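Novice: just a sequence and a predicted model for now, questions to come.
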Amino acid sequence: MTAGLYVHVPFCLTRCGYCDFNAYAGLGHLASRYVGALEAEAGLWAEDWRGERFGSVFLGGGTPTTLDQGDLGNLLAHLRERFDVEPGAEVTIEANPDTVDAAKLAALLAAGFTRLSMGAQSFDQRVLDALERVHGPAAVRRAFAAARAAGHTNVNLDLIYGANGETLASWRATLEETIALGPEHVSAYALTIEPATPLGRKVGSGLVPAPDPDLQADMFELACELLGEAGYLHYEVSNWALPGFECRHNLGYWRKQPYLGLGAGAHSFRDRSRWWNVRPPGEYLDMVESGVRPIGGEERLSPKDERLEEVFLKLRILEGVPVTSVATDVASGFLEQGLLCRRNGHLVPTERGMLLLNELVLGLTG
């Protein structure tokens, strides 16, 4: 079993109204200091993780590609020096279309980044405006073409559905354009409203309607249909991949493999224990520069929590749970409702069941 290495870069060009991630606009002046702190934090953990082989590295955010390409290359080289990163490891970097050009994309590939995950969100300008994205559809097309020209052969496009004003026809057009581009991987997420975000406050005050769950369900089913017809394997509730291009790093999370998180707010997991770093970048920098691990909290899973999580994750990645582990009457109910199906001796969610995953978990573990 290999481990995963996650590196959080909290900087963004602008802060999108729906975003609840630990990300900040206007802190670019901290960038070089932050890269130094990431390298220092790696040193604080290196001895503890000696003997672990890392099969994936993932730079997320925020927008990691706001950092200088030289800093990104040096950071990746430093991580390889500190940790046993396998030669053939999957190395992902998230990108905003407006933060990459031909030169930067070529430099990332030369530095050892093997997978590019680009936040497209939609090919409908009205939807992008509703999401407060700063890029337009043309920027996605341009960045994707530049990635291909630079030699990137493992590209993911992130999509979001259910924003105010988006119709099923608009979503279909976004899916069709995504498929026409031919990325190796597609992530499609239903827009969720977080109360503490600007969009959440607008929804709470009635200025913007909340997403329609029935419409989002129809959009999910359309994604399943079109992506499936195009040859993408639906291997996780919100993720589709051409055969062999499943995201190894994220599969590691869902299979409960150990992972180490570096950076402000990053989470880690090993031996049934979870811990996470302090979220404010300034506090993170001060702690690391003082030689202190920047841990903000930790927890150890109880056997009950571990069971719930295991069932949830196995359903989420469509591995399912053994038929023999579930009471016959409980299984029969979900099978009759069309929420589960039998596959290789396991109970696996149907596409309709994926929309009711929490209810399934509680029903199967109750």
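Specialist: Right, received. Where do you want to start? Numbers count the residues shown, from 1 in each chain.

Novice: how distant is stretch 34-45 from the center of its chain?
Specialist: From the chain centre to the centre of stretch 34-45 is a distance of 23 Å (C-alpha atoms, centre = their mean, to the nearest Å).

Novice: for it, what is the average pLDDT?
Specialist: Stretch 34-45 comes out with an average pLDDT of 98.

Novice: who's in contact with that stretch?
Specialist: Contact partners of stretch 34-45, identified using C-beta atoms under 8 Å, 6 or more residues apart in numbering, comprise 7, 9-11, 67, 71, 74-75, 78-79, 82-83, 260, 262-263, 281, 284-285, 288-289, 291, 293-294. The C-beta positions use only the backbone N, C-alpha and C, and glycine is treated the same way.

Novice: now, of these, which are buried?
Specialist: Neighbour counting over those (16 or more other C-beta atoms under 10 Å) leaves 7, 9-11, 67, 71, 75, 78-79, 82-83, 260, 262-263, 281, 284-285, 288, 294 as the buried ones.

Novice: tell me which of the residues you listed fall in strands.
Specialist: Val7, Val9, Phe11, Leu260, Leu262 (DSSP state E).

Novice: now do the same contact list for Val134.
Specialist: Leu13, Thr14, Asn96, Asp98.

Novice: by neighbour count, which of those wins?
Specialist: Asn96 (25 neighbours; other C-beta atoms under 10 Å).

Novice: let me know the pLDDT of the nearest residue to that one once chain neighbours are set aside.
Specialist: Sequence neighbours aside, Thr63 is the residue nearest to Asn96 in space, at 4.7 Å (criterion: C-beta to C-beta, 6 or more residues apart in numbering). Note on Thr63: pLDDT of 94.

Novice: so what's the gap between the helix or strand containing Trp275 and the chain middle?
Specialist: Taking DSSP states H and E as the criterion, Trp275 maps to strand 273-277. Put simply, strand 273-277 sits 18 Å off its chain's centre (C-alpha atoms, centre = their mean).

Novice: and that strand, what's buried?
Specialist: Trp275, Trp276, Asn277.

Novice: Asn239: which of the residues you listed is nearest?
Specialist: Trp276 (23.4 Å; C-beta to C-beta).

Novice: thinking the closest one is in contact with Ser268, fair?
Specialist: Yes. If you go by C-beta atoms under 8 Å, Trp276 and Ser268 touch, sitting 7.1 Å apart.

Novice: any residues in contact with both of these two?
Specialist: Common neighbours of Trp276 and Ser268 (C-beta under 8 Å, 6+ apart) are Gly261.

Novice: got a list of contacts for stretch 191-206?
Specialist: 15, 17-20, 131-132, 160-163, 208-211, 216.

Novice: and those residues, which is closest to Ala147?
Specialist: For those, the nearest to Ala147 is Ile160 (20.1 Å; C-beta to C-beta).

Novice: in its sheet, what does the helix or strand harbouring that closest one sit against?
Specialist: Under the criterion of DSSP H and E, Ile160 resides in strand 155-161. If you go by DSSP bridges, strand 155-161 pairs up with strand 115-121 (parallel), strand 185-190 (parallel).

Novice: wait, doesn't Asp212 sit right on Gly162?
Specialist: Yes. Counting by C-beta under 8 Å, Gly162 is a contact partner of Asp212 at 7.2 Å.

Novice: right, I'll leave it there.
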